[in-house]
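Q: no sequence on hand, only this structure:
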């Protein structure tokens, strides 16, 4: 039975690799073929030079992605069938601590190794690809400080969370997975609530919107849509990148409207209002709430499945782990679950794209659709967005519809 589980795992593993590389290759070919002509809908805003720059940018990311995919996939095999998790377990057990401390240190070691393995990709993406195409503004100091802050936050929040879940697994009855799910749900909701005012300011500076005219238009939009926002803030995104964006964050009375400073410098006031109306549409259609509830549901299913296999020797041995412990069970489950659930990706992408269309439809009611269209064109131009993705690739991965589909939908 163990060999059967191993064979099934390897089958899903190889299938995922082949599918990922196939979809990326299709997208690479499609971008190559369409880089010589700007789509008609965008020719009034995006020049051929801009279009070809976007093509080179996206092709570079795809080609680089092949290498890092191979590295990441290799590491999954090393951690599982290659005995990597067994090695960490053997090393940590030499400390002769109780289960709670042993499990917590196990995750600290695993997390540190994961961070070090991810660094080359992050460095190359930031200081080579983004810099080559003129987007990177991140200095070495900011990059290092971001990592140190992330580590500190992970330790402050992660250690108590990990220790609590391990305690429930060690001490509680057969319903431990239910108690753990309730606990992690509370933690997630708490993090969503405190993120705008406690976490985000650790990485960026947020200042009130200075343009009184734009602020007044935004307030009028929010009032007309019966939407309350605690603050309208501008984030200093330009210290890291030239990419622009806008978003809502928080929930309840802690909601906040945030604009990247890079966005305000490229769009007109009416275009900004149109983009904001789109984001507002996500809240009014309860997309944010649906996303949170979906995440909670998938977390429940995940904990339930972990509860089923937690004591199963076949689960561990079939994936290359030779000892049953709570921390090994969690680590192994988190590593192999994405292999088995990869085919859910297009379903989740489809749901997300339908939400984008709904938000666009909402925006047409509260802003001029021409302003939204011109804003989208500028965003694709300034962010080197891909105007011509492969249709199959887009349907599988993209949470947003292709730009052409969005604009066609807005003009109908």
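A: Noted; the coordinates are in hand. Just so it is clear, the structure is predicted and the values come from calculations on it, not from any experiment.
Q: tell me where the stretch 201-350 of the chain has strands.
A: 206-208, 231-235, 246-249, 256-260 (DSSP state E, counting those that start in this stretch).
Q: helices or strands next to the first one in the packing?
A: Using 3 or more Cβ pairs under 8 Å, 6 or more residues apart in numbering; DSSP states H and E as the contact definition, the elements that strand 206-208 packs against are strand 231-235. For the C-beta atoms, the positions are set from N, CA and C on the backbone; glycine is no exception.
Q: that older thread, could you export the strands of the stretch 201-350 of the chain as TSV, including mean neighbour count?
A: Shown next, in TSV, are the strands of the stretch 201-350 of the chain (neighbours: other Cβ atoms under 10 Å):
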stretch	mean neighbour count
strand 206-208	11
strand 231-235	19
strand 246-249	17
strand 256-260	22
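Q: can you add distance to residue 334 and give these back as JSON lines?
A: Output for the strands of the stretch 201-350 of the chain, formatted as JSON lines (distance: least, Cβ to Cβ, whole Å):
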{"stretch": "strand 206-208", "distance to residue 334": "33"}
{"stretch": "strand 231-235", "distance to residue 334": "31"}
{"stretch": "strand 246-249", "distance to residue 334": "26"}
{"stretch": "strand 256-260", "distance to residue 334": "30"}
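Q: of those strands, which is nearest residue 109?
A: Nearest of the strands of the stretch 201-350 of the chain to residue 109, taken as Cβ to Cβ: strand 246-249 at 32.7 Å.
Q: mean pLDDT lowest where, among the strands of the stretch 201-350 of the chain?
A: Lowest mean pLDDT within those: strand 246-249, at a mean of 78.
Q: got a list of contacts for it?
A: Identification of contacts with strand 246-249 by Cβ atoms under 8 Å, 6 or more residues apart in numbering yields 195-196, 200, 229, 255-260, 263, 272, 275-276, 279-280, 282-283, 288.
Q: is the closest residue to residue 48 other than its chain neighbours in a helix, a strand, or coil?
A: For residue 48, ignoring the flanking residues on the chain, the nearest one in space by Cβ to Cβ, 6 or more residues apart in numbering is residue 38 at 5.6 Å. Of the three states, residue 38 takes coil under DSSP: H, G, I helix; E, B strand; the rest coil.
Q: how close does residue 38 get to residue 377?
A: Taking Cβ to Cβ, to the nearest Å as the measure, residue 38 falls 11 Å from residue 377.
Q: which neighbours do these two share?
A: residue 46.
Q: the strand or helix carrying residue 150: how far from the chain's middle?
A: Of the helices and strands defined by DSSP states H and E, residue 150 is found in helix 140-153. Computed by Cα atoms, centre = their mean, to the nearest Å, the chain-centroid distance of helix 140-153 equals 19 Å.
Q: what does stretch 226-240 give?
A: From the chain centre to the centre of stretch 226-240 is a distance of 20 Å (Cα atoms, centre = their mean).
Q: and stretch 363-377, how far from the chain's centre?
A: The answer for stretch 363-377 is 26 Å, by Cα atoms, centre = their mean.
Q: can I see the domain layout of the protein?
A: 2-14+43-200+290-343, 202-288+348-411 (automatic domain parsing).
Q: next, the residue in the chain sticking out farthest from the centre: secondary structure please.
A: Each residue of the chain has a distance to the centre, and by Cα atoms, centre = their mean the biggest one is for residue 96: 37.7 Å. Look at residue 96: counting by three-state DSSP, its state is coil.
Q: quick one on the thing from earlier: pLDDT averaged over the helix or strand following the helix holding residue 150 - what is it?
A: Counting by DSSP H and E, the element after helix 140-153 in chain order, helix or strand, is helix 159-171. The average pLDDT within helix 159-171 is 93.
Q: would you mark the buried spots in the helix or strand following helix 159-171?
A: Later in the chain than helix 159-171, the nearest helix or strand by DSSP H and E is helix 176-194. Neighbour counts over helix 176-194 (16 or more other Cβ atoms under 10 Å) mark 176-181, 183-185, 192 as buried.
Q: where do the helices sit along the stretch 201-350 of the chain?
A: 212-224, 261-264, 269-284, 287-309, 313-318, 326-340, 345-366 (DSSP state H, counting those that start in this stretch).
Q: tell me which other helices or strands the third one touches.
A: If I follow you right, that is helix 269-284. Counting by 3+ Cβ pairs under 8 Å, 6+ apart, helix 269-284 packs on helix 212-224, strand 246-249, strand 256-260, helix 261-264, helix 345-366, helix 369-382.
Q: same check, this time on the shortest one
A: Where contact means 3+ Cβ pairs under 8 Å, 6+ apart, helix 261-264 is packed against strand 231-235, helix 269-284.
Q: columns distance to residue 400 on top of the ones you listed, output as CSV?
A: Below are these laid out as CSV (distance: least, Cβ to Cβ, whole Å):
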stretch, distance to residue 400
strand 231-235, 21
helix 269-284, 11
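Q: please identify the deepest-packed of those.
A: Neighbour counts (mean count of other Cβ atoms under 10 Å) averaged over each of the helices and strands packed on helix 261-264 peak at helix 269-284, with a mean of 22.
Q: pLDDT on that one, on average?
A: 89.
Q: how about residues contacting it?
A: Contacts for helix 269-284 (Cβ under 8 Å, 6+ apart): 211, 213-214, 217-218, 221-222, 225, 227, 246-248, 255, 257, 259, 263-264, 267, 287-288, 355, 358-363, 366-369, 371-372, 374-375, 378-379.
Q: next one: it to chain centre, how far?
A: 21 Å.
Q: stretch 228-246 now?
A: For stretch 228-246, the distance to the chain centre is 18 Å (Cα atoms, centre = their mean).
Q: tell me the pLDDT at residue 200?
A: Residue 200 is given a pLDDT of 89.
Q: residue 264 too?
A: Confidence score, pLDDT, at residue 264: 84.
Q: got the angle for the helix or strand containing residue 410 vs helix 369-382?
A: Secondary structure from DSSP H and E places residue 410 in helix 403-411. Relative orientation of helix 403-411 and helix 369-382, computed by axes from the mean of the first three to the mean of the last three Cα atoms, to 10 degrees: 170 degrees.
Q: angle of helix 403-411 against helix 345-366?
A: 40 degrees.
Q: same for helix 403-411, what does it pack against?
A: The contact analysis (3+ Cβ pairs under 8 Å, 6+ apart) places helix 403-411 against helix 345-366, helix 369-382.
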